[in-house]
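A.B. asks: sequence and predicted structure, then a few things I'm wondering about:
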Amino acid sequence: DHCNCYIRFLEGIMAGHAEKKQAKKAEVSTQHYLYAIAGVNVLYVLWRVLVNWSSMGKWNICGAILFSLVSKFTYGGITSALEIGCDFEMYFDLFCINLATQFLVTFTDYGWLLYLVVPGYAGWKVMKLIMDYVFTPTDAELAERDPDAIKKMEKREKKQERQKFKVMKH
């Protein structure tokens, strides 16, 4: 995937017009993401911090710092990917989960439960990786089920059964 990004980056260097269009698209898109961050943060500060300060404990302050760090990290990743024309799906997913969690936490601490999607997804990916490794058939197992391989094997066996020397009669 990184090679594809690099190739697209190099192609972008070669095509000046396409590069300008890509830069304009990246600029417009990153503004939308920035507005989303600003909107959720303004709501969070107004409602959670100013109106309901009594509910802000040390863990909620740590959570606000976490929201800021994750937003900065994902926004930076999305911006970089857009600039070179790469896929930013994982950054975008985490960006959305972070903002949705921050929005929900603005009104209830149960909003933190949405963050459990992140380790759940990571666990699912790891389990899928392990399951694919464990249950991937070997070449021999694939050959047992492949009709062409079965025919080749039968042909090879018949060839081995035939005599390998010529019998001459006097």
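C.D. replies: The structure has been received and is ready for your questions.
A.B. asks: what about residue 48, how many neighbours?
C.D. replies: Counted with other C-beta atoms under 10 Å, residues neighbouring residue 48 total 19. Placement of C-beta: from N, CA and C, glycine included.
A.B. asks: again, but for residue 19
C.D. replies: 15.
A.B. asks: state the helix or strand in which it lies.
C.D. replies: helix 16-43 (DSSP states H and E).
A.B. asks: what about residue 65, which helix or strand?
C.D. replies: Assigned by DSSP H and E, residue 65 falls in helix 58-84.
A.B. asks: what does the helix or strand just after that helix contact?
C.D. replies: Reading on from helix 58-84 to the C-terminus, the next helix or strand found by DSSP H and E is helix 89-107. Helix 89-107 is contacted by residues 33, 36-37, 40-41, 43-44, 47-48, 60, 63, 67, 70-71, 74-75, 77-78, 81, 110-112, 114-115, 117-118 when judged by C-beta atoms under 8 Å, 6 or more residues apart in numbering.
A.B. asks: check which element follows helix 89-107 along the chain.
C.D. replies: Trace forward from helix 89-107 with DSSP H and E and the next one is helix 117-135.
A.B. asks: tell me what that next one is packed against?
C.D. replies: For helix 117-135, the elements it packs on are helix 89-107, judged by 3 or more C-beta pairs under 8 Å, 6 or more residues apart in numbering; DSSP states H and E.
A.B. asks: could you rerun that using 6 Å?
C.D. replies: Other helices and strands packing on helix 117-135, by 3 or more C-beta pairs under 6 Å, 6 or more residues apart in numbering; DSSP states H and E, are absent; none qualifies.
A.B. asks: tell me the angle it makes with helix 89-107.
C.D. replies: Interaxial angle, helix 117-135 versus helix 89-107 (axes from the mean of the first three to the mean of the last three C-alpha atoms, to 10 degrees): 140 degrees.
A.B. asks: and helix 117-135, C-alpha only, in PDB?
C.D. replies: Output of helix 117-135 as PDB, limited to C-alpha atoms (Å, rounded to 0.1, in the frame of the first residue of the first chain):
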ATOM      1  CA  VAL A 117     -14.600  -0.300  19.300                       C
ATOM      2  CA  VAL A 118     -10.900   0.500  18.800                       C
ATOM      3  CA  PRO A 119      -9.400  -2.400  20.800                       C
ATOM      4  CA  GLY A 120     -12.300  -4.600  19.600                       C
ATOM      5  CA  TYR A 121     -11.400  -4.000  16.000                       C
ATOM      6  CA  ALA A 122      -7.700  -4.500  16.700                       C
ATOM      7  CA  GLY A 123      -8.500  -7.800  18.400                       C
ATOM      8  CA  TRP A 124     -10.700  -8.900  15.500                       C
ATOM      9  CA  LYS A 125      -7.800  -8.100  13.000                       C
ATOM     10  CA  VAL A 126      -5.300 -10.000  15.100                       C
ATOM     11  CA  MET A 127      -7.700 -13.000  15.400                       C
ATOM     12  CA  LYS A 128      -8.400 -12.900  11.700                       C
ATOM     13  CA  LEU A 129      -4.600 -12.900  11.000                       C
ATOM     14  CA  ILE A 130      -4.100 -15.900  13.300                       C
ATOM     15  CA  MET A 131      -7.100 -17.800  11.900                       C
ATOM     16  CA  ASP A 132      -5.900 -17.200   8.300                       C
ATOM     17  CA  TYR A 133      -2.400 -18.400   9.200                       C
ATOM     18  CA  VAL A 134      -3.700 -21.500  11.100                       C
ATOM     19  CA  PHE A 135      -6.400 -22.500   8.600                       C
END
